[in-house]
Each structure stands twice: as structure tokens, then as C-alpha cells.
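*Asks:* build me a model:
(2 chains)
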Amino acid sequence: AQSVAQPEDQVNVAEGNPLTVKCTYSVSGNPYLFWYVQYPNRGLQFLLKYITGDNLVKGSYGFEAEFNKSQTSFHLKKPSALVSDSALYFCAVRDRRRGSQGNLIFGKGTKLSVKP
Amino acid sequence: SQTIHQWPATLVQPVGSPLSLECTVEGTSNPNLYWYRQAAGRGLQLLFYSVGIGQISSEVPQNLSASRPQDRQFILSSKKLLLSDSGFYLCAWSAGTGANVLTFGAGSRLTVL
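*Replies:* The predicted structure follows:
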């Protein structure tokens, strides 16, 4: 089955500390992986994606994510968190099943709270 | 550049009333279009997607329907709203699938009373 798991409902980090938001996936074939961020009462914004190549992907607002094929993970990271990073983060994988339209499968989201 | 517009931003409707949410995309042609619902500020549920005019695929059976009367217009409708239809509705578009990024509108908050 094609799926995405975000094991943490909430992550709390102090401002200035590094942050990690976890994501694991299950998909047939090579995965196309994405991270999105959602601020309150807003649509989702694209942060970064992994298609192929370098396992460390750099994206918007200083975020990066590391693709780990052996662990089927795509964790989102940032070296130094800001209070303004507080938001809901979604991991997603492209559905690669035959007959699908390649729609994105989203995780349930992780709420990141950065305290001053 | 491409932009996506979604309206109304907020809607309060009585049970049994009709619904129409509209989404339009500018600056591209033949986009894939999507309607998602987000309940309780969390997970996203894909409701409908469209790969062309008049082509609608439904992911889950429900009280809602979608239509694509023009290339860059996607409408979400209901004839009679239920309480359970309350939620945050998001329209999105992509240039095909594969590695292409999904771009979302700002969302429409529907409250059914």
C-alpha cells in the first residue's frame, strides 16, 4: 500500500535549537517526496521535494530534508528554529500505483511549536 | 506567473442549503485541478480531481460534486449541505503529475449550522 506516516502529532522546540519533523513512507518504485507547510487558516505552501540525486534537499526558509532509502524516511530539518516557523507541516508522496493519476498522498501533519 | 484564486474565503450556511465554491487558475493552460477537505485543522482528504474540461474523478462518495466548465475553473457544489460538510476546503493545481509541485489556494472555510 502507498502511504505516508508522520509519527509525531506535535513537535516542541526552543528558538535557536535545531528541529526535526519526521516522515516515513511506503511506496512502490522510486518515491517522489514533498514537504509542505500550512500557517493558520491558509493554504499549503511548498517547501521542498526529492525526486532523484543528492539525498539532502534544500528548500525554502532554510529548511532541508534528508532522503534515506534504507529507512524509507524523509525527515524535515532546520539548523536553527524561529518562532515564525511555528505551523503545521505535511509530508507527501506521489502515488505511483498503476492506474492512479499520480495524486499526492499526504501524511496527517505535524504541528511545530517554536517557543522564544 | 501562475496564480490560483479561491472564493469565498468564509461561508456560513444552514443545513439543507446549496453550496458553490469556486476556484480559478491563471497563467497556465490545461492544469490538473484538485479539491481537498481538511477537517479539524489536520489531515487532508482528496475529494475530486480533474485532468481536463468535463473530466472529474471522485475519490470518496459524499454529499458533494465537482464540475470543470472551463479549462481553468473548478467548482465544488452541493445541493443540500449536511453538518458533516463543515471544514476547510482547499483547491490546488499542478502541471501534470510526476515530480510537479501541487500549488494550493488560500482555502474556503465552510461552517454548516
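*Asks:* low-confidence ranges in chain B?
*Replies:* Residue ranges of chain B with pLDDT under 70: B:41, B:61, B:97.
*Asks:* same deal with chain A?
*Replies:* A:98-101.
*Asks:* for it, what lies in contact range of chain B?
*Replies:* A:32, A:34, A:36, A:40-46, A:49, A:51, A:88, A:90, A:92, A:94, A:101-104, A:106-109 (CB under 8 Å from any CB of the partner chain). To be clear about C-beta, it is placed using only N, CA and C from the backbone, and glycine gets the same treatment.
*Asks:* neighbours of residue A:82, just the number please.
*Replies:* 15 (other CB atoms under 10 Å in any protein chain shown).
*Asks:* residues from chain B in reach of chain A?
*Replies:* Residues of chain B lying near chain A by CB under 8 Å from any CB: B:6, B:32, B:34, B:41-44, B:46, B:49, B:51, B:57, B:88, B:90, B:92, B:97-99, B:101-107, B:109.
*Asks:* which among those residues end up buried?
*Replies:* Burial by neighbour count, 16 or more other CB atoms under 10 Å in any protein chain shown: within those this picks out B:6, B:32, B:34, B:44, B:46, B:49, B:88, B:90, B:92, B:97, B:102-105, B:107.
*Asks:* can you tell me the helix or strand for residue B:77?
*Replies:* Secondary-structure element containing residue B:77, defined by DSSP states H and E: strand B:73-78.
*Asks:* packing partners of the helix or strand just after that strand?
*Replies:* Helices and strands here follow DSSP H and E; after strand B:73-78, the next one along the chain is strand B:87-94. Applying 3 or more CB pairs under 8 Å, 6 or more residues apart in numbering or on different chains; DSSP states H and E, we find strand B:87-94 packed against strand B:3-7, strand B:19-26, strand B:32-38, strand B:73-78, strand B:103-104, strand B:108-112.
*Asks:* now do the SS call for residue A:7.
*Replies:* The local conformation at residue A:7, judged by DSSP: H, G, I helix; E, B strand; the rest coil, is coil.
*Asks:* beta-bridge partners for the residue nearest the centre of chain B, please?
*Replies:* Closest residue to the average C-alpha location of chain B: residue B:35 at 3.0 Å, with CA atoms, centre = their mean. Judged by DSSP bridges, the bridge partners of residue B:35 are residue B:48, residue B:91.
*Asks:* that one touches residue B:76, doesn't it?
*Replies:* Yes. Taking contacts as CB atoms under 8 Å, residue B:35 lies within contact range of residue B:76: 5.1 Å.
*Asks:* which strand or helix spans the residue in chain A that chain B sits nearest to?
*Replies:* As assessed by CB to the nearest CB, chain B sits closest to residue A:102 within chain A, at 3.0 Å. Here residue A:102 sits in a region with no helix or strand, counting by DSSP H and E.
*Asks:* now the common contact residues for residue B:35 and residue B:76.
*Replies:* B:21, B:23, B:47, B:48, B:66, B:89, B:91 (CB atoms under 8 Å, 6 or more residues apart in numbering or on different chains).
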